[in-house]
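Undergrad: Provide a 3D model corresponding to the input given below.
(chains A and B)
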Amino acid sequence: DAKTTQPPSMDCAEGRAANLPCNHSTISGNEYVYWYRQIHSQGPQYIIHGLKNNETNEMASLIITEDRKSSTLILPHATLRDTAVYYCIVRNNQGGKLIFGQGTELSVKP
Amino acid sequence: GAGVSQSPSNKVTEKGKDVELRCDPISGHTALYWYRQSLGQGLEFLIYFQGNSAPDKSGLPSDRFSAERTGGSVSTLTIQRTQQEDSAVYLCASSSKRASTDTQYFGPGTRLTVL
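TA: Okay, here's the model as predicted:
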């Protein structure tokens, strides 16, 4: 599976959009981009995933560049409860393990 | 519906003892995963069960670690002769593998402390 690069930490003001970047320049054609988050002392939580088209669900939006070498997770109106470590993971859709990097620690501040 | 459950939530043991950690996956999920997260570290894959196929044990750190999944449902992770470096949060996840997404749903974890 391809590796990803994320900034170690980011701050965001409550109510503003949080934009979390991820680089995955070695992604293969059959690999998807997945985002999970881990709130302190909890198990990871699935957020969203995509292949090449932009995706949106009730939690977030995922913007994938046309060359698929990077993506951005957008939390449109961040709340204090969105404070967590956000993991960008690239993998194919045949199942199997998730390879977690260090993620981005997002701090949402009042 | 019910999510993935794990027990116990916390386990304190003495070095050299054996421990068993339990995972109850979401009903109907055919895939089950174990991960661990040491203090200040990322999540590390341990083992993966998919239906009746042979498990992927490639992440198990030593032969002191083993896991089984009985009846395609409940799984037990066993650590023999525990060492202090085994102290970590052990996380279980399951997925349906029926949907194309194969989203993994995680349990709350078991915090293991080896004294």
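
Undergrad: how many neighbours does the residue of chain A found nearest chain B have?
TA: Nearest residue of chain A to chain B, counting by C-beta to the nearest C-beta: residue A:43, 3.3 Å away. No exception for glycine: its C-beta is placed from N, CA and C like everyone else's. A count of nearby residues for residue A:43, using other C-beta atoms under 10 Å in any protein chain shown, gives 23.

Undergrad: tell me the bridge partners for the residue lying closest to it once chain neighbours are set aside.
TA: Sequence neighbours aside, residue B:106 is the residue nearest to residue A:43 in space, at 3.3 Å (criterion: C-beta to C-beta, 6 or more residues apart in numbering or on different chains). For residue B:106, the beta-bridge partners are residue B:93 (DSSP bridges).

Undergrad: now do the contacts for residue B:106.
TA: Going by C-beta atoms under 8 Å, 6 or more residues apart in numbering or on different chains, residue B:106 touches A:43, A:44, A:45, B:4, B:91, B:92, B:93.

Undergrad: out of those residues, which are buried?
TA: Buried members of the contacts of residue B:106, scored by 16 or more other C-beta atoms under 10 Å in any protein chain shown, are A:43, A:44, B:4, B:91, B:92, B:93.

Undergrad: from chain B, which residue is nearest to chain A?
TA: Closest point on chain B to chain A, by C-beta to the nearest C-beta, is residue B:106, at 3.3 Å.

Undergrad: ok, that residue to residue A:38 distance?
TA: Taking C-beta to C-beta, to the nearest Å as the measure, residue B:106 falls 9 Å from residue A:38.

Undergrad: nearest spatial neighbour of the residue nearest to the spatial centre of chain B, chain-adjacent residues omitted?
TA: Centroid-nearest residue in chain B, with C-alpha atoms, centre = their mean: residue B:34, separated by 3.1 Å. Excluding its sequence neighbours, the residue lying closest to residue B:34 (C-beta to C-beta, 6+ apart) is residue B:46, at 4.2 Å.

Undergrad: that neighbour against residue B:78, yeah?
TA: No - at 11.6 Å, residue B:46 and residue B:78 do not qualify as touching, with contact defined as C-beta atoms under 8 Å.

Undergrad: what about residue A:98, which SS state?
TA: Of the three states, residue A:98 takes coil under DSSP: H, G, I helix; E, B strand; the rest coil.

Undergrad: burial count for it?
TA: Residue A:98 has 21 nearby residues by other C-beta under 10 Å.

Undergrad: tell me which residues touch the nearest residue to it once chain neighbours are set aside, please.
TA: The shortest distance from residue A:98 to any non-neighbouring residue, by C-beta to C-beta, 6+ apart, is to residue A:89 (5.4 Å). Taking C-beta under 8 Å, 6+ apart, we find residue A:89 in contact with A:1, A:4, A:33, A:34, A:35, A:36, A:98, A:99, A:100, A:101.

Undergrad: of the residues you listed, just the buried ones, PyMOL syntax please.
TA: The PyMOL selection below is limited to those of these classed as buried (16+ other C-beta under 10 Å):
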select buried, chain A and resi 1+4+33+34+35+36+98+99+100+101
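
Undergrad: among the contacts of residue A:89, which are located in strands?
TA: A:33, A:34, A:35, A:36 (DSSP state E).
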